[in-house]
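Colleague: Just the structure for this:
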Amino acid sequence: MRELQLQTQKLKDAQGREFHCAYSILIDDMDEGTGFGHSYGIGVSCPETGERCVIPHITCVASRIGELSRLVVAGGVTPCALRDVVEDWL
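Modeller: Next comes the predicted model:
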């Protein structure tokens with residue numbers, strides 16, 4: 001599995017303390033029987049706390065993972081909220 005780093009964003013918690021979230025797209029090769037394709041997922045990590053959430057194999061369509069990643073970054077989604085956001089998006 002490869003990881004394509006997208007962006008790191010500075011956010012604030014409920015007490016106003018700053019922290020960072022790093023966003024990435026996960027790319028996994030898969031054999032579809034007729035040739036190779038890709039499966040895409042998304043990951044979010046917070047270096048200050050060590051918290052990380054990765055969700056592989058969300059879609060096989062690059063434009064769909066691009067759409068999801070833009071929403072996740074724009075929304076400032078944290079690792080603990082990523083799974084809920086992805087489930088709602090699906």
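
Colleague: In space, what's closest to E3 - neighbours in sequence excluded?
Modeller: For E3, ignoring the flanking residues on the chain, the nearest one in space by C-beta to C-beta, 6 or more residues apart in numbering is S24 at 4.8 Å. C-beta here means a position set from N, CA and C on the backbone, and glycine is covered the same way.

Colleague: so where do the strands sit in the chain?
Modeller: Taking DSSP state E to define them, one finds strands in the chain at 2-12, 18-31, 36-46, 51-59.

Colleague: any idea which of these is most buried?
Modeller: Comparing the strands of the chain by mean neighbour count (mean count of other C-beta atoms under 10 Å), strand 36-46 comes out on top with a mean of 19.

Colleague: That strand pairs with which strands?
Modeller: Sheet pairing for strand 36-46, assigned by DSSP bridges, gives strand 18-31 (antiparallel), strand 51-59 (antiparallel).

Colleague: Give me the residue at the spatial middle of the protein.
Modeller: For the chain, I42 is the residue whose C-alpha lies nearest the centre (C-alpha atoms, centre = their mean; 2.6 Å).

Colleague: Save the strands of the chain as a markdown table, and put in distance to D88 and mean pLDDT too.
Modeller: Below are the strands of the chain laid out as a markdown table (distance: least, C-beta to C-beta, whole Å; pLDDT from 0 to 100):
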| stretch | distance to D88 | mean pLDDT |
| --- | --- | --- |
| strand 2-12 | 20 | 92 |
| strand 18-31 | 17 | 91 |
| strand 36-46 | 13 | 92 |
| strand 51-59 | 13 | 95 |
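
Colleague: which residue packs closest to P56, ignoring adjacent ones?
Modeller: G41 (3.7 Å).
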